[in-house]
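1. could you work out the structure for the sequence below:
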Amino acid sequence: TAVQSGFLDAVAAGLKQVIADRSYPGGARTKMAIVTYDTSVHFYKLGANLSQPQMVVVSDLEDMFLPLAEDILVSAEECENTILTLLDTLPGMFRSTK
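-> Here you go, the predicted model:
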């Protein structure tokens with residue numbers, strides 16, 4: 001799996017580096033969303049006004065929908081702290097995934 005192979009760790013580290021360097025294309029216009037998947041799809045609320053990201057789970061994979069209209073696709077610059085917090089915690093959240 002992506003977790004067991006270290007892929008999730010590598011992607012999280014790579015994204016953190018790009019954010020820290022502000023080397024993403026588009027500069028201040030860049031938007032970011034993070035979606036993960038195991039047996040369900042996980043969307044993350046990443047608004048700048050949140051102290052930590054919030055996960056919203058969609059379990060019905062046959063009738064997929066976007067659970068929130070706001071705070072999923074966010075400004076990478078404005079929501080940097082919330083995005084970095086999520087990237088720090090993601091590998092540990094899914095460590096038991098097989």
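2. contacts and neighbour counts: CA atoms only from here.
-> OK.
3. contacts only, for the residue nearest to the spatial centre of the chain.
-> For the chain, the residue nearest the mean C-alpha position is Ile34 (2.8 Å; Cα atoms, centre = their mean). Residues near Ile34 by Cα atoms under 8 Å, 6 or more residues apart in numbering: Phe43, Tyr44, Ile72.
4. these in strands, which ones?
-> Counting by DSSP state E, the contacts of Ile34 place Phe43, Tyr44 in strands.
5. from the contacts of Ile34, which single one is nearest Asp60?
-> Phe43 (13.3 Å; Cα to Cα).
6. and the gap between that closest one and Gly27?
-> 24 Å (Cα to Cα, to the nearest Å).
7. between these two, which one's more packed in?
-> Shown here are Phe43 and Gly27; by other Cα atoms under 10 Å, Phe43 has more neighbours (23 against 12).
8. so that one touches Val35, yeah?
-> Yes - assessed by Cα atoms under 8 Å, Phe43 is found in contact with Val35 at 4.9 Å.
9. what residue ranges in this structure score low on pLDDT?
-> Along the chain, segments meeting pLDDT under 70 span 98.
10. what are the ranges of the helices in it?
-> 7-21, 80-93 (DSSP state H).
11. which of those sits most buried?
-> helix 80-93 (a mean of 18; mean count of other Cα atoms under 10 Å).
12. report the angle between it and helix 7-21.
-> Interaxial angle of helix 80-93 relative to helix 7-21 (axes from the mean of the first three to the mean of the last three Cα atoms, to 10 degrees): 160 degrees.
13. which residues touch helix 80-93?
-> With Cα under 8 Å, 6+ apart, helix 80-93 has contacts from 3, 8-9, 12-13, 15-16, 19, 46-48, 50-53, 76.
14. then stretch 60-75?
-> 28-34, 40-41, 43-47, 56, 58.
15. redo that, cut-off 10 Å
-> 27-35, 39-50, 53-58, 79-80, 83 (Cα atoms under 10 Å, 6 or more residues apart in numbering).
16. thanks a lot, catch you later.
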